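Novice: can you look at this prediction? I've put the sequence above it.
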Number of protein chains: 2
Amino acid sequence: MTIKIGILGYGNIGRGIESALMQNEDMELAAVFTRRDPASVKTVTDVPVVNTEDVAEWKDRIDVMILCGGSATDLPVQTPEYVKMFNVIDSFDTHARIPEHYANVEAAAKESGKLGIISLGWDPGMFSLLRLYSEAILPEGETYTFWGKGISQGHSDAIRRIKGVKNAKQYTIPVDEALDAVRSGSNPQLTTRDKHIRECFVVLEEGADAAAVENEIVTMPNYFAEYNTIVHFIDEEEFLANHSAMPHGGFVLRTGNSGFEKEHGHVIEYSLKLDSNPEFTGSAMVAFARACYRMAKEGQTGCRTAFDIPPAYLSPKSPEELRAGLL
Amino acid sequence: MTIKIGILGYGNIGRGIESALMQNEDMELAAVFTRRDPASVKTVTDVPVVNTEDVAEWKDRIDVMILCGGSATDLPVQTPEYVKMFNVIDSFDTHARIPEHYANVEAAAKESGKLGIISLGWDPGMFSLLRLYSEAILPEGETYTFWGKGISQGHSDAIRRIKGVKNAKQYTIPVDEALDAVRSGSNPQLTTRDKHIRECFVVLEEGADAAAVENEIVTMPNYFAEYNTIVHFIDEEEFLANHSAMPHGGFVLRTGNSGFEKEHGHVIEYSLKLDSNPEFTGSAMVAFARACYRMAKEGQTGCRTAFDIPPAYLSPKSPEELRAGLL
């Protein structure tokens, strides 16, 4: 009996989940659900592609539905909606709106008797877990999160909206000196500008004014004005050749002290270096989908996050194998 | 209502727990239990020091008893014994004997209706958790654990047993080239010798033969023969001045691939750099003691490991605070 997974939304993360499922023998992809015309969606795995209007017909054929919509407008609607019919997981990543999203999913899931696990992936997700474990162990200290080197979709989009810009990618880069200052245990106070550089690769429309575009980028409030920003203008050929991948990663560090006189310092560091952000996110979601299946089978209902999941539930190995091999 | 903690065994880890409890307002040290004459034990906190023969009198006054004995002979007896009366946690770290220890604690705890959580600290403990999470997310890959730079008590003891040796400390040091090879994602096959160097600081008895002692160290099977070992002879003054601290740490790395053609590589790295091994271990055990208290209050009984504990149970923060602040 394999765990039957549905993918709702077939973009980069959906494909990441599809490929991750091939590495997990206890799970199988049952169907892909799309708002588009199913005939227009070509999956790699040979599975049914179903329009979301017909999703109710799959109510008893999907153990966990993995929602792959965006956090801005899709998931706030989709997760409470689909948890009425399915056990669901999502990667909702608008940190400030998590309490509201949680409340909506909790209410809908309690009513339907299903289980929803939200905000999975690496941040929120693994980075959140590392922040929690590290703070619990070293209550007197500081936690630092750095992102990158990797592409920020939101910042790339912001550049593309500027008049005269044909295409753009923005890399978020952690500042080495800031990372080293944290690792030294000196508990530095770091500003936004201290922590990250923003490096932009921009393809201009013909006849566009490069100086004006650059000025508009580096002075854009919230996105770039608070950072040291580097802008490179390149041609389309170079853009496609060198900036089509989706790398990302980052660091969570906690430094803190112990001892009767707080005389001993400790540094906890977790880092990810990812060739493909959507595939790693998809791989993490698949492991959490296994946990969702198991918790739902136990009769758990309502909303959960990574904080609520016993780690053993993520692994296909038995408790005995885990204790003998990984403990 | 604070959580009442007992410390059984007042050595380096016991003192690490005592100091960690000062950083956790929801917990308090109720008493220290010792096999020695209580009058001979001077604690930093003003609490009762009780001989272990009288421990039964504290049955209803301790929420979680933290067992601080050694893994070789103390804990295999103590954990199954004390879980008959108390909820207990231990730091049992003989990896090969964990299944047997688990079975003994599980049987005793099921009978008494108490909860025992075993093998807590950083390895086993946090390193185990990182191995589990990382393997679950990247099922096709390799996991590597490196220890150090830090003092190995077992190897230091082995040197001290050599005739002519007055005192000794042994540092386990991870080899930078091996770490870099792992980080490159090349999934290297590493021998014992490739991964760690053993560096020894030895004080000789007067008239001892340095060359003979060095030869006996570097050829000692299981402890040193399989490693590149460096031996320094120093005088007692330098030994006390520079080698009295108890630093440790290490690295858990997992590298693996994703994608339909396994075309994308990922590197997960977790590291600890600890000024005081027993204090960090004690700090981790205190966080897990909180989880033990909460799980026991829910009515859970039997034996558990870090793999079975929802991470939120380690933190003094409420689920709402955790979701709003750390997710």
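Specialist: Perfect, I can see it now. Numbering: from 1, shown residues only, chains lettered A, B, ... in the order given.

Novice: show me the contacts for the residue nearest the centre of chain A.
Specialist: What sits nearest the mean C-alpha location of chain A, by C-alpha atoms, centre = their mean, is A:Gly121, with 4.1 Å. By C-beta atoms under 8 Å, 6 or more residues apart in numbering or on different chains, the contact set of A:Gly121 is A:Ser91, A:Asp93, A:Thr281, A:Ala284, A:Met285. For the C-beta atoms, the positions are set from N, CA and C on the backbone; glycine is no exception.

Novice: how about a cut-off of 6 Å?
Specialist: Residues near A:Gly121 by C-beta atoms under 6 Å, 6 or more residues apart in numbering or on different chains: A:Ser91, A:Thr281, A:Ala284.

Novice: so which of those residues wins on neighbours?
Specialist: Among those, A:Thr281 has the most neighbours (other C-beta atoms under 10 Å in any protein chain shown), with 27 neighbours.

Novice: list phi and psi for that residue.
Specialist: phi -60, psi -40 (degrees, to the nearest 10).

Novice: for the stretch 201-327 of chain A, give me the ranges with low pLDDT.
Specialist: Nowhere does the stretch 201-327 of chain A drop to pLDDT under 70.

Novice: would you mind measuring from the residue nearest to the centre of chain A to A:Gly282?
Specialist: To A:Gly282, A:Gly121 is 9 Å away according to C-beta to C-beta, to the nearest Å.

Novice: go on, A:Pro174?
Specialist: Computed as C-beta to C-beta, the A:Pro174 to A:Gly282 distance reads 24 Å.

Novice: between these two, who's got more neighbours?
Specialist: Under the criterion of other C-beta under 10 Å, the comparison of A:Pro174 against A:Gly282 puts A:Gly282 first, with 28 against 21.

Novice: then the more buried one would be within a helix, right?
Specialist: Yes - counting by DSSP: H, G, I helix; E, B strand; the rest coil, A:Gly282 is found in a helix.

Novice: so what's it closest to, chain neighbours aside?
Specialist: Setting aside the residues directly before and after it, A:Gly282 is nearest to A:Gly16 in space (C-beta to C-beta, 6 or more residues apart in numbering or on different chains), at 2.6 Å.

Novice: average pLDDT for the helix or strand hosting that neighbour?
Specialist: In this assignment (DSSP states H and E), A:Gly16 forms part of helix A:12-21. Predicted confidence along helix A:12-21 averages 98 (mean pLDDT).

Novice: quick one: distance of stretch A:133-142 to the chain centre.
Specialist: 23 Å (C-alpha atoms, centre = their mean, to the nearest Å).

Novice: what does stretch A:116-131 give?
Specialist: Centre to centre, stretch against its chain (C-alpha atoms, centre = their mean), the figure for stretch A:116-131 is 8 Å.

Novice: now do it: distance from first to last residue.
Specialist: End-to-end distance of stretch A:116-131 (C-alpha to C-alpha, to the nearest Å): 22 Å.

Novice: out of the contacts of A:Gly121, which are close to chain B?
Specialist: Filtering the contacts of A:Gly121 for proximity to chain B by C-beta under 6 Å from any C-beta of the partner chain leaves A:Ala284.

Novice: out of the contacts of A:Gly121, the closest to chain B would be?
Specialist: A:Ala284 (4.9 Å; C-beta to the nearest C-beta).

Novice: wait, that closest one touches B:Ala136, no?
Specialist: No - using C-beta atoms under 6 Å, A:Ala284 is not in contact with B:Ala136, being 8.6 Å away.

Novice: now the strands: where do they sit in the stretch 101-250 of chain A?
Specialist: Remark: strands assigned in the stretch 101-250 of chain A by DSSP state E, counting those that start in this stretch are A:115-117, A:141-147, A:150-151, A:165-174, A:196-204, A:228-233, A:248-258.

Novice: using CSV, please lay out the contacts of A:Gly121 together with distance to B:Ile268.
Specialist: As requested, the contacts of A:Gly121 are exported to CSV (distance: C-beta to C-beta, whole Å):
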residue, distance to B:Ile268
A:Ser91, 18
A:Thr281, 13
A:Ala284, 11
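
Novice: may I see the buried residues of stretch A:206-221?
Specialist: A:Ala208, A:Val213, A:Glu214, A:Glu216, A:Ile217, A:Val218, A:Met220 (16 or more other C-beta atoms under 10 Å in any protein chain shown).

Novice: about what we covered before: run the chain-centre distance for the helix holding A:Gly16.
Specialist: How far helix A:12-21 lies from its chain's middle: 13 Å, per C-alpha atoms, centre = their mean.

Novice: what's that helix packed up against?
Specialist: Under the contact definition 3 or more C-beta pairs under 6 Å, 6 or more residues apart in numbering or on different chains; DSSP states H and E, helix A:12-21 sits against helix A:277-297.

Novice: show me what the helix it packs on is packed against.
Specialist: helix A:12-21, strand A:64-67, strand A:88-89, strand A:115-117, helix B:126-137.

Novice: quick one: it to helix B:126-137, angle?
Specialist: Orientation note: helix A:277-297 sits at an angle of 100 degrees relative to helix B:126-137 (axes from the mean of the first three to the mean of the last three C-alpha atoms, to 10 degrees).

Novice: and helix A:277-297, what's buried?
Specialist: Buried positions in helix A:277-297, judged by neighbour count with 16+ other C-beta under 10 Å: A:277-296.

Novice: the following helix or strand past that helix - contacts with which helices or strands?
Specialist: For helix A:277-297, the succeeding helix or strand toward the C-terminus, using DSSP H and E, is strand A:302-304. With contacts taken as 3+ C-beta pairs under 6 Å, 6+ apart, strand A:302-304 sits against helix A:98-112.

Novice: 8 Å - rerun?
Specialist: Applying 3 or more C-beta pairs under 8 Å, 6 or more residues apart in numbering or on different chains; DSSP states H and E, one finds that strand A:302-304 contacts helix A:98-112, strand A:115-117.

Novice: in stretch A:17-26, which residues are buried?
Specialist: By 16+ other C-beta under 10 Å, the buried positions in stretch A:17-26 come out as A:Ile17, A:Glu18, A:Ser19, A:Ala20, A:Leu21, A:Met22, A:Gln23, A:Asn24.

Novice: no, scratch that, I was asking about stretch A:52-68
Specialist: Buried, per 16+ other C-beta under 10 Å, within stretch A:52-68: A:Thr52, A:Val55, A:Trp58, A:Ile62, A:Asp63, A:Val64, A:Met65, A:Ile66, A:Leu67, A:Cys68.

Novice: contacts only, for the residue in the stretch 1-150 of chain A positioned nearest to chain B.
Specialist: Going by C-beta to the nearest C-beta, chain B is nearest to A:Ala136 of the stretch 1-150 of chain A, at 4.0 Å. With contacts defined as C-beta under 8 Å, 6+ apart, A:Ala136 is in contact with B:Ala287, B:Arg290, B:Leu314, B:Ser315, B:Pro316.

Novice: likewise A:Asp308?
Specialist: So A:Asp308 contacts A:Ile117, B:Pro310, B:Pro311, B:Ala312, B:Pro319 (C-beta under 8 Å, 6+ apart).

Novice: and what of A:Asp235?
Specialist: A:Val203.

Novice: I'd like to know how many residues surround A:Asn167.
Specialist: A total of 17 residues lie near A:Asn167 under the criterion other C-beta under 10 Å.

Novice: A:Ala31 in helix, strand or coil?
Specialist: strand.

Novice: contacting residues around it?
Specialist: A:Gly6, A:Ile7, A:Val47, A:Pro48, A:Val49, A:Val50, A:Trp58, A:Arg61, A:Ile62 are the contacts of A:Ala31 under C-beta under 8 Å, 6+ apart.
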